[in-house]
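1. this one's sequence-less:
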């Protein structure tokens, strides 16, 4: 080490310094996790809206005006969802709760005896439940919990102010990040050593493509599948069409999970409603059409093959993120996992091209 000149000595210390900075940032993010929610949500909105703002800017529009237009568009979408979709969703949730006794009765008196008789299994029954009393108690508990939570929030001036401040911070953070996203990325790259900047630009570009496929492409795929499943089940006549479609669309963040969860839940709901086995064929047709549209149109056009994350890796990332940092961890899990996969691919390429891998 003493034989190295000053420039070579600095180059040797680059990696330890970079790893130390990365570790310090990770610890800082973990410690600040309780206050990061508005910043993470604002950053997510800013990242989703940045390509639209860039496109408007290329058309000759001032960036601040483009940010305002995109921001108003997002606000209108959220407002329409809250005004029209949320009441319908809550109504169907109430309908689902009302159907719980019928579903449990069908399970204990119909499905389980049929399975036991068909496969010659021991005759065992589930316990009888007084659903009228159970549901009343549980809904009263939920009501009491909600009332107590609201009382705690509104009863404490500091708690109410903190909750309102966090809510108000989300659009503010999103607006400023959309406006200055490209500038912040450029300045962040300028902080890196000159020898790393070109490769870092390549890695950031590839990571942006992968994360964009997840956050933009997969989000659009989930929303599209939710609409397809909801409309299809509504045309079939299933009462819980919107609720089941949204569940299946959200579950589709893991490949094939949305299809499996959606078709099983929808078949149970359809049979409990109609008591007709032919309705299951219509439900299967709805999900078959949705799966075909996803495989042939939505995923190739909106996502492509850029993600490269195995379904098990997606599940692990979501669970690990929730375990480490709660809601913030779940939001950041897939973007972080996608970026890690990009760096791992480059690291494996570098390793296989090295003497360590090639020598006998």
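-> That came in fine, so what should we check first? Given the structure is predicted, the values throughout are model-derived calculations rather than measurements. Numbering: from 1, shown residues only.

2. Find the residue closest to residue 169 in space, skipping its chain neighbours.
-> What sits nearest to residue 169 in space, not counting adjacent residues and going by Cβ to Cβ, 6 or more residues apart in numbering, is residue 38, at 3.8 Å. Every residue, glycine included, has its C-beta placed from N, CA and C.

3. Equivalent analysis for residue 173, please.
-> Nearest one to residue 173, counting by Cβ to Cβ, 6+ apart, is residue 42 at 2.7 Å.

4. how near is residue 174 to residue 49?
-> Using Cβ to Cβ, to the nearest Å, one gets 7 Å for the distance from residue 174 to residue 49.

5. Between those two, which contacts overlap?
-> 71, 74 (Cβ atoms under 8 Å, 6 or more residues apart in numbering).

6. Against which helices or strands is the longest helix along the chain packed?
-> Ranked by residue count, the top helix of the chain under DSSP state H comes out as helix 311-352. Applying 3 or more Cβ pairs under 8 Å, 6 or more residues apart in numbering; DSSP states H and E, we find helix 311-352 packed against helix 14-31, helix 37-58, helix 194-212.

7. Let's verify residue 215: helix, strand, or coil?
-> Three-state assignment for residue 215 (DSSP: H, G, I helix; E, B strand; the rest coil): helix.

8. Just give me the neighbour total for it.
-> When counting by other Cβ atoms under 10 Å, one arrives at 17 neighbours for residue 215.

9. Could I get the contacting residues of it?
-> 44, 47-48, 334-335.

10. Out of those, name the two that are farthest from one another.
-> 48 and 334 (13.5 Å; Cβ to Cβ).

11. Which of the two has more residues huddled nearby?
-> The neighbour comparison of residue 48 against residue 334 (other Cβ under 10 Å) goes to residue 334, with 21 against 17.

12. roughly how far apart are the residue nearest to that one when sequence neighbours are not counted and residue 40?
-> Nearest residue to residue 334, sequence neighbours excluded (Cβ to Cβ, 6+ apart): residue 214, at 5.3 Å. Between residue 214 and residue 40 the computed distance is 15 Å (Cβ to Cβ).

13. number of nearby residues for residue 17?
-> The number of residues packed around residue 17, counting by other Cβ under 10 Å, is 11.

14. how far away is it from residue 350?
-> Distance from residue 17 to residue 350, by Cβ to Cβ: 20 Å.

15. If I look at the nearest residue to residue 167 once chain neighbours are set aside, what pLDDT would I see?
-> Leaving aside its chain neighbours, residue 167 sits nearest to residue 38 (7.5 Å; criterion: Cβ to Cβ, 6+ apart). Looking at residue 38, its pLDDT stands at 85.

16. Enumerate every residue touching residue 38.
-> Residue 38 makes contacts with 166-167, 169-170, 173, as judged by Cβ under 8 Å, 6+ apart.

17. now with 6 Å?
-> 166, 169-170 (Cβ atoms under 6 Å, 6 or more residues apart in numbering).

18. Check residue 238 too.
-> 269-270.

19. Kindly indicate whether it is helix, strand or coil.
-> With three-state DSSP as the criterion, residue 238 reads coil.

20. Please report how far it lies from residue 268.
-> According to Cβ to Cβ, residue 238 stands 11 Å off from residue 268.

21. what's the closest of the contacts of residue 38 to residue 92?
-> residue 170 (27.4 Å).

22. Measure how the strand or helix carrying that closest one sits relative to helix 37-58, angle-wise.
-> Element membership for residue 170 (DSSP states H and E) is helix 157-190. Calculated by axes from the mean of the first three to the mean of the last three Cα atoms, to 10 degrees, helix 157-190 forms an angle of 50 degrees with helix 37-58.

23. helices or strands up against helix 157-190?
-> helix 37-58, helix 63-80, helix 131-155 (3 or more Cβ pairs under 6 Å, 6 or more residues apart in numbering; DSSP states H and E).

24. if we go to 8 Å?
-> helix 37-58, helix 63-80, helix 131-155, helix 194-212.

25. Any regions of the protein where pLDDT drops low?
-> Low-confidence segments of the chain (pLDDT under 70): 1-14, 124-160, 303-308, 359-360.

26. can you rerun that using 90?
-> 1-68, 70-223, 237-243, 250-259, 265, 268-280, 291, 294-360 (pLDDT under 90).

27. how close does the residue nearest to residue 334 get to residue 106?
-> According to Cβ to Cβ, residue 214 stands 39 Å off from residue 106.

28. residues in contact with residue 302?
-> Applying Cβ under 8 Å, 6+ apart, we find residue 302 in contact with 213, 216-218, 220-221.

29. In contact with the residue nearest to residue 290 when sequence neighbours are not counted, which residues?
-> Once flanking residues are discounted, residue 290 sits nearest to residue 228: 4.6 Å by Cβ to Cβ, 6+ apart. Contacts for residue 228 (Cβ under 8 Å, 6+ apart) come out as 245, 286, 289-290, 293.

30. buried set for the helix or strand containing residue 228?
-> In this structure, residue 228 sits in helix 219-236 according to DSSP H and E. For helix 219-236, the neighbour count (16 or more other Cβ atoms under 10 Å) marks 221-222, 224-226, 228-230, 232-234, 236 as buried.

31. before we move on, what about stretch 90-98?
-> For stretch 90-98, burial by neighbour count (16+ other Cβ under 10 Å) applies to 92, 96.

32. For residue 121, the count of nearby residues, please.
-> Number of residues near residue 121 (other Cβ under 10 Å) recorded here: 11.

33. any idea how far residue 207 is from the residue nearest to it when sequence neighbours are not counted?
-> Spatial nearest neighbour of residue 121, excluding adjacent residues (Cβ to Cβ, 6+ apart): residue 115 at 6.7 Å. Remark: distance between residue 115 and residue 207 (Cβ to Cβ) = 49 Å.
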